[in-house]
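Asker: no sequence on this one, just coordinates:
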Ligand code: GDP
Ligand code: CA
C-alpha cells in the first residue's frame with residue numbers, strides 16, 4: 001500500500017502518474033481539508049475535489065481545477081442576492097458541494113462522504129480526508145487575518161504572509177484510517193504540494209507528524225520548487241516571506257526528520273549535497289510533469305528508489 005499526502009493541483013498531477021503505474025486499490029491518499037470553505041451555505045473541499053476530478057479524467061486541463069466544460073451560471077445568479085463572485089464554483093461542480101453538504105447535514109463523517117464521492121466517480125483508490133473535524137487554514141498578513149481562499153483566490157496571493165495558522169487544529173483528530181495508512185504503508189510519498197498550506201495542515205493534525213516520523217515505511221517527498229521557482233502558486237513567495245531559503249533545499253529542510261528521500265529536479269542537481277547534509281538521500285529526476293509520460297516516469301522512478309530504501 002502506497003500512502004500519499006496530497007494538496008490540490010501539484011498533488012493531482014503526481015497522482016495521475018502514480019495511478020498509471022500502480023493499481024488503484026494499492027493507493028491511499030491523505031487529502032488536505034484546510035482549504036475547505038462555505039459558499040452560499042455549501043461545503044466545498046477544493047483540494048479533495050481537484051484530486052478526484054483529475055484522477056477521474058474530468059478536470060479542466062487549462063486551469064487544473066473544476067470540471068472540464070463547466071459553466072458558471074449559478075454563481076453569476078447569486079450576485080443578485082449580494083454574494084461576491086470571487087470563488088469560481090462551476091454549475092456541474094456544484095453537484096459535488098450540494099451532495100457533500102447534504103451528507104454532512106445527515107450526520108455523515110467526512111471520511112465516509114469522501115469515500116462515497118470517490119466511488120461515485122468510479123475510482124478504486126482510497127482518499128481519506130486528513131480529519132473529519134473542521135480545520136481552516138488562516139493567513140496572517142500585515143493588514144489582518146484572511147481565510148485561506150480569500151488570500152488565495154480573492155486577493156490572488158498578493159498580501160504578504162506573516163504567519164499561517166490552522167484554526168481548529170488542536171481538537172482535530174486524524175480521520176479513521178489515516179494513522180494506520182502511514183504506519184502500515186509499504187511507502188509514503190509527500191506530493192510536490194505547497195509545504196505550508198497543503199502538506200502543512202495535514203502534518204499539523206495531532207498524531208500525523210509523529211506517525212510519519214515513526215513509520216517503518218520508506219518515505220519520499222518531491223520538491224514543488226524547481227530552480228528557485230514554483231510551477232504555479234505561492235510556495236516560493238511563502239518560503240521567502242516566512243524566512244526560509246527559496247529553493248528545493250528550503251523545502252527539504254521543512255521535512256527534515258520526516259523523510260528518507262528528497263526528489264529534486266534535474267535543474268537543481270547541484271543542490272543534492274546540501275539536501276544530503278540534512279540527513280536524507282537526494283534523488284535527481286525530471287520533475288516537471290508536463291506530459292502523461294513524464295508523470296508516469298516520475299512516479300515509477302520514485303517507487304523504484306523507495307524499494308531500494310531500507
Ligand atoms: P494547490 O493545493 O492546488 O495549490 O496545489 P498543491 O499544493 O498540491 O501544489 C502546488 C505546488 O505544486 C506548487 O508549489 C507547484 O510548484 C507544484 N507543482 C505543480 N506542478 C508541478 C510539476 O509538474 N512538478 C513539480 N515538481 N511541482 C509542481
Ligand atoms: Ca489547495
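Answerer: Good, I have the coordinates. Every value quoted in this text rests on a predicted model; they were computed, and no experiment measured them. Ligands and ions are numbered 1, 2, ... in the order given.

Asker: pull out the buried positions in stretch 265-273.
Answerer: 265, 267-268, 271-272 (16 or more other CB atoms under 10 Å). C-beta: built from backbone N, CA, C; applies to glycine.

Asker: can you pull out the strands in the protein?
Answerer: Using DSSP state E, the strands found in the chain span residues 2-6, 27-31, 37-39, 42-44, 126-129, 136-141, 144-147, 163-167, 187-190, 219-222, 225-226, 229-230, 261-265, 281-285.

Asker: how about the residues of the stretch 51-200 of the chain by ligand 1?
Answerer: Taking CB under 6 Å from any ligand atom as the test, the list of the stretch 51-200 of the chain residues beside ligand 1 reads 191-194, 198.

Asker: quick revisit: which ones among the buried residues of stretch 265-273 are found in helices?
Answerer: Secondary structure defined by DSSP state H assigns residue 272 of the buried residues of stretch 265-273 to helices.

Asker: show me which pair in the buried residues of stretch 265-273 is furthest apart.
Answerer: With distances taken as CB to CB, the most widely separated pair in those is 267 and 272, at 11.9 Å.

Asker: just give me the closest of the buried residues of stretch 265-273 to ligand 2.
Answerer: Comparing these against ligand 2 with CB to the ion places residue 265 closest, at 21.1 Å.

Asker: that closest one and residue 282 touch, don't they?
Answerer: No. The pair residue 265 and residue 282 fails to qualify as a contact (CB atoms under 8 Å) at a distance of 11.1 Å.

Asker: and the gap between the nearest residue to residue 267 once chain neighbours are set aside and residue 248?
Answerer: With CB to CB, 6 or more residues apart in numbering as the criterion, residue 267 has its nearest non-adjacent residue at 4.3 Å, and that residue is residue 227. As judged by CB to CB, to the nearest Å, residue 227 and residue 248 stand 9 Å apart.

Asker: which one of the two has more residues nearby?
Answerer: Between residue 227 and residue 248, residue 248 has the larger neighbour count (other CB atoms under 10 Å), namely 28 against 11.

Asker: how about the contacts made by the more buried one?
Answerer: Neighbour list for residue 248: 223, 225-226, 262, 264-265, 268, 271, 275 [criterion: CB atoms under 8 Å, 6 or more residues apart in numbering].

Asker: any weak-confidence spans in the stretch 151-300 of the chain?
Answerer: Per-residue confidence of the stretch 151-300 of the chain (counting by pLDDT under 70) places no residue in a weak region.

Asker: helices of this protein, start to end?
Answerer: Assigned by DSSP H, the chain shows helices spanning 9-21, 46-55, 73-78, 93-105, 110-120, 148-149, 178-183, 199-204, 208-214, 235-241, 248-254, 272-276, 292-307.

Asker: could I get those as JSON lines with distance to residue 168?
Answerer: Compiled in JSON lines, these are given as follows (distance: least, CB to CB, whole Å):
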{"stretch": "helix 9-21", "distance to residue 168": "22"}
{"stretch": "helix 46-55", "distance to residue 168": "16"}
{"stretch": "helix 73-78", "distance to residue 168": "26"}
{"stretch": "helix 93-105", "distance to residue 168": "15"}
{"stretch": "helix 110-120", "distance to residue 168": "13"}
{"stretch": "helix 148-149", "distance to residue 168": "13"}
{"stretch": "helix 178-183", "distance to residue 168": "16"}
{"stretch": "helix 199-204", "distance to residue 168": "10"}
{"stretch": "helix 208-214", "distance to residue 168": "15"}
{"stretch": "helix 235-241", "distance to residue 168": "21"}
{"stretch": "helix 248-254", "distance to residue 168": "22"}
{"stretch": "helix 272-276", "distance to residue 168": "33"}
{"stretch": "helix 292-307", "distance to residue 168": "33"}
